[in-house]
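A.B. asks: Fold the stuff below for me.
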Amino acid sequence: MDWMLSPELWIAFGTLLLLEVVLGIDNIVFISILAGRLPPEQQQRARIVGLSLALITRLLLLASLSWVIGLTAPLFTALGQEISGRDLILLLGGLFLLGKATFEIHEQLEGTEHATTRKAVSFSSVIAQILVLDVVFSLDSVITAVGMVDELGIMVAAVVVAMVIMLVSAKAISEFVNRHPTVKMLALSFLLLIGGSLIAEGFDQHIPKGYVYGPIAFSVFVEFLNLRAKAKRAAQPVHLHPTYVKDTATKGDGDTQGDSDSKGNSDTKGNSGVSDR
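C.D. replies: All right, here's what the predicted structure looks like:
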């Protein structure tokens, strides 16, 4: 029970939990896009199964830390670069993510005339694709956790709590992404960026997470402002107020002038008559 009174452990847990949630966002986005290709009655089940597999994968990797650490040993040399098991997994995962995101962007932009030529997507194929990326994202997540915390219990607790948060928010995030086409294209662009960073990591070109997730956070903030502005315009249209407002009671400038002249003349005549008397 002494660990519950240790502020250092709580700080480590909170930091790792926040990082696990941030690293899990790209996993949720990928699952949301793939599940969106299924019939509506199967989408929620695909999200639950996908995130459950991600949790199981992370826990299995944490339970075999010695094997994960051993993945850093070089397997072969290519183009003057030593490639380890971890590098190979990141390279293949990054290439798969780039290819899948590019294909999805093409599907979104090709137009409605090709809608009838799209093949039906099976539930098992979607789960298989989710599982492939779960391995890649889980490996990156576990290696990050190992580098931050030494206590295995804290790693497991942070991973489990982060997965519970993602399970609760997955449906809302998926519906939001699928409801807004611009957000979906932005999410696919994020997957391209993350895939490129995985390939760079595979070639031992370390990219700080802030350089990847910083632009993503800024883009999400800008898109949030755009959506708010769009919703406000739809709810309350903008009305332009002219500087000079014409008198709607009169028919025109000429008529107004004519009425004024005639009225002035008649008043003058009336006054003249009174004065003459």
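
A.B. asks: What count of nearby residues applies to the closest residue in space to A46 that isn't next to it in sequence?
C.D. replies: In this structure, A46 finds its nearest non-sequential neighbour in A35, 4.1 Å apart by Cβ to Cβ, 6 or more residues apart in numbering. C-beta here means a position set from N, CA and C on the backbone, and glycine is covered the same way. Neighbourhood size, A35 [other Cβ atoms under 10 Å]: 27.

A.B. asks: quick one: low-confidence ranges for the stretch 51-200 of the chain?
C.D. replies: Along the stretch 51-200 of the chain, the model assigns pLDDT under 70 to residues 66, 69, 111-120, 144, 146-150.

A.B. asks: Could you pull out the strands in it for me?
C.D. replies: For the stretch 51-200 of the chain, the strands defined by DSSP state E, counting those that start in this stretch cover 74-78, 81-84.

A.B. asks: for the last one, packing partners?
C.D. replies: In terms of contact count using 3 or more Cβ pairs under 8 Å, 6 or more residues apart in numbering; DSSP states H and E, strand 81-84 is assigned the packing partners strand 74-78.

A.B. asks: tell me what the strand it packs on is packed against?
C.D. replies: Partner elements for strand 74-78 (3+ Cβ pairs under 8 Å, 6+ apart): strand 81-84.

A.B. asks: Assumed I207 was part of a helix.
C.D. replies: No. Counting by DSSP: H, G, I helix; E, B strand; the rest coil, I207 is not part of a helix but coil.

A.B. asks: For it, which residues are in contact?
C.D. replies: By Cβ atoms under 8 Å, 6 or more residues apart in numbering, I207 lies in contact with S197, A200, E201.

A.B. asks: Stretch 175-187 spans what distance, first to last residue?
C.D. replies: Using Cα to Cα, to the nearest Å, the end-to-end distance of stretch 175-187 comes to 13 Å.

A.B. asks: Please disregard the earlier target; I meant stretch 110-125.
C.D. replies: The first residue of stretch 110-125 is 23 Å away from its last residue (Cα to Cα).

A.B. asks: picking up where we left off before, could you say which of the strands of the stretch 51-200 of the chain is packed most deeply?
C.D. replies: Burial of those is given as mean neighbour count (mean count of other Cβ atoms under 10 Å); strand 81-84 ranks first at a mean of 15.

A.B. asks: Can you tell me the strand partners of it and which way each runs?
C.D. replies: Strand pairing for strand 81-84, using DSSP bridges, gives strand 74-78 (antiparallel).
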